[in-house]
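Asks: pasting the structure only:
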């Protein structure tokens with residue numbers, strides 16, 4: 001604030017100097033003279049209307065008899081002076097010389113340059129200190145105080161382990177002497193690591209909300225500017241500001257933007273602006289400065305690129321992993337977001353949570369939001385399970401592709417392909433249950449799909465589970481071959497082959513499930529990475545490929561045996577899928593066990609007339625059979 005005031009004073013001083021020079025120069029400007037021709041001048045002399053003149057070379061200035069100034073030019077070697085004297089005009093002559101320029105005119109001409117140079121000198125002199133230079137070095141951290149909306153642990157769902165890790169920090173912020181009595185030191189920093197959208201920022205806000213302390217929020221990219229030294233200056237300014245509000249929390253989002261491993265920025269080395277900023281952050285977190293009561297919480301999804309000095313004890317003492325939520329966590333997250341919208345009685349969050357494996361908290365929030373928008377477009381008064389299912393499919397695979405209608409031949413092909421997946425999954429002990437089969441195309445390129453919901457995500461996959469999944473993946477191609485022949489198979493099984501090959505490859509090189517290779521690990525990378533084979537001999541590599549091919553071929557044969565045995569049910573399933581386009585879990589079970597399905601076909605369903613109000617739709621919703629909410633488990 002003080003430096004900004006000084007800069008304003010500097011500008012006011014320059015403006016005052018400029019206005020003063022302009023005023024003085026305008027004061028010294030002589031009265032404006034009227035330029036006349038030489039002919040008019042002679043006429044005025046003959047008429048005795050000229051009182052006095054001043055001659056400088058061929059330039060004549062003077063005053064008329066009525067006091068008006070004038071000026072003119074006369075020819076060289078003319079006898080004007082004699083004629084003027086004869087007419088009684090007072091004549092004064094001066095030697096010819098250049099017109100002098102005043103000091104003020106000189107200063108005025110250089111004034112813009114002086115102002116610009118003064119501005120640069122002031123700006124760069126201020127940049128050398130902390131938090132100066134027109135605010136370039138001032139911290140951009142935003143303060144969230146009590147007057148703003150606070151988050152609490154009630155707003156954070158699906159991250160119970162992470163909340164337990166940070167409860168000790170909350171207790172310290174509430175009662176520091178409790179820990180200081182026994183000589184204990186609270187962690188100075190907490191690093192939250194996890195994929196995008198898992199709630200790292202929300203958890204940091206909840207920590208501040210539970211402890212009821214000031215919360216400073218800043219992004220890692222906010223430290224870096226085009227001027228050298230700005231990042232380090234902002235770090236100093238941020239900690240100075242935080243110490244005045246201690247105890248408090250500083251939250252740095254995406255810290256990998258400034259905390260990357262030093263020496264990895266090319267040829268700039270230690271003179272790199274980012275590294276200077278990182279060095280200042282290291283000093284502020286654990287250096288000679290005393291920042292007691294200031295806890296730094298940072299979030300990143302790339303902890304592997306952070307500098308080791310940043311992760312050592314004394315700086316970021318703890319690393320809290322905020323991973324993707326499991327099925328219970330997803331259910332809790334959905335319940336939190338559904339409290340903000342009017343949900344229908346048929347909504348079952350447990351079923352929805354089972355159908356969203358791998359979804360982050362942000363994805364689940366997006367599902368609820370998309371469902372609310374869809375319900376509004378349909379004129380509904382509440383958000384039902386139908387809208388939530390449609391929103392889930394839209395988030396996962398894109399919206400329905402309504403611009404291009406499928407031909408009867410395409411529908412038949414997709415129906416048998418998806419029917420092959422569904423029958424293999426139904427008659428094999430696949431981990432999970434077949435929840436839905438559809439032939440509705442999506443804008444992401446998916447022509448149809450069979451959805452399998454896991455029963456339990458925590459149990460590890462067995463060899464039988466993985467082999468069943470390989471067979472499930474091969475069911476679509478096998479159904480195409482059985483119904484249309486090998487010459488008419490399509491490219492629709494491309495992703496199925498990729499999935500089956502990835503599972504088989506992992507079984508061989510990572511899980512040690514091959515009898516020929518034994519319980520050995522030939523990979524040093526992550527699961528399902530087919531490029532992750534270590535340096536092995538050609539014989540071993542060939543054996544690995546042979547074992548992968550063996551697992552896939554075995555799954556193919558299992559799928560073929562099931563579909564040949566239940567070929568009549570495959571025809572029935574494809575027929576009903578073409579008729580209804582989508583079959584749900586209970587309908588699939590009834591169709592494959594009893595051979596019947598009682599539902600009004602889409603082709604004969606009368607289209608309701610559009611009404612001007614939503615009362616008709618609301619009444620239709622009320623007539624639907626109400627299903628249990630999430631507090632009761634769905635039927636298998």
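Replies: Received the coordinates, thanks. Because the structure is a prediction, the values reported are computed rather than measured. Numbering: from 1, shown residues only.

Asks: all contacts plus neighbour counts: C-alpha atoms, from now on.
Replies: Will do.

Asks: the closest residue to residue 463 other than its chain neighbours: neighbouring residues, count only.
Replies: Counting by Cα to Cα, 6 or more residues apart in numbering, the nearest residue to residue 463 once its immediate chain neighbours are dropped is residue 513, at 7.1 Å. The burial metric for residue 513, expressed as a neighbour count using other Cα atoms under 10 Å, is 19.

Asks: got a pLDDT number for residue 513?
Replies: We have a pLDDT of 92 for residue 513.

Asks: cool, and residue 554?
Replies: pLDDT, the model's per-residue confidence, is 95 for residue 554.

Asks: tell me the contacts of the residue nearest to residue 463?
Replies: 463, 507, 519 (Cα atoms under 8 Å, 6 or more residues apart in numbering).

Asks: can you tell me the SS state at it?
Replies: Reducing the assignment to helix, strand or coil with DSSP: H, G, I helix; E, B strand; the rest coil, the entry for residue 513 is coil.

Asks: rewinding a little: need the contacts of residue 513 in a markdown table (columns: secondary structure and pLDDT).
Replies: As requested, these are arranged in a markdown table below (DSSP: H, G, I helix; E, B strand; the rest coil; pLDDT from 0 to 100):
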| residue | secondary structure | pLDDT |
| --- | --- | --- |
| 463 | helix | 90 |
| 507 | helix | 93 |
| 519 | coil | 88 |
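
Asks: what about the strands in the stretch 201-350 of the chain?
Replies: Counting by DSSP state E, counting those that start in this stretch, the stretch 201-350 of the chain has these strands, from start to end: 215-219, 248-253, 294-300, 318-321.

Asks: show me what the second one is packed up against.
Replies: The reference is to strand 248-253. With contacts defined as 3 or more Cα pairs under 8 Å, 6 or more residues apart in numbering; DSSP states H and E, strand 248-253 has these neighbours: helix 200-211, strand 215-219, helix 230-244, strand 294-300.

Asks: ok, and what's touching that strand?
Replies: Strand 248-253 is touched from outside by 173, 201, 204, 208, 213-220, 242, 293-300, with contacts defined as Cα under 8 Å, 6+ apart.

Asks: and for the last one?
Replies: Strand 318-321 is touched from outside by 162, 165, 187, 189-194, with contacts defined as Cα under 8 Å, 6+ apart.

Asks: among those residues, which are in helices?
Replies: With helices taken from DSSP state H, the overlap with those comprises 162, 165.

Asks: from the contacts of strand 318-321, which is closest to residue 388?
Replies: residue 194 (26.2 Å; Cα to Cα).

Asks: surely that closest one meets residue 298?
Replies: No. Contact status for residue 194 versus residue 298: not in contact, 11.4 Å apart, counting by Cα atoms under 8 Å.

Asks: and the two? Which one has more around it.
Replies: Taking residue 194 and residue 298 together and counting by other Cα under 10 Å, residue 298 has the greater number of neighbours (26 against 19).

Asks: other SSEs contacting the strand or helix carrying residue 44?
Replies: Taking DSSP states H and E as the definition, one finds residue 44 inside helix 38-46. Identification of packing neighbours for helix 38-46 by 3+ Cα pairs under 8 Å, 6+ apart yields strand 69-73.

Asks: work out for me the element residue 577 sits within.
Replies: Element membership for residue 577 (DSSP H and E) is helix 567-580.

Asks: show me what that helix is packed up against.
Replies: With contacts defined as 3+ Cα pairs under 8 Å, 6+ apart, the secondary structure elements packing on helix 567-580 are helix 408-427, helix 585-594.

Asks: can you give me the angle the first one makes with helix 585-594?
Replies: Relative orientation of helix 408-427 with respect to helix 585-594: 80 degrees, computed using axes from the mean of the first three to the mean of the last three Cα atoms, to 10 degrees.

Asks: partner strands of the helix or strand following helix 408-427, parallel or antiparallel?
Replies: Past helix 408-427, heading to the C-terminal end, the next element that is a helix or strand (DSSP H and E) is strand 433-438. With DSSP bridges as the criterion, the sheet partners recorded for strand 433-438 are strand 449-453 (antiparallel), strand 582-584 (antiparallel).
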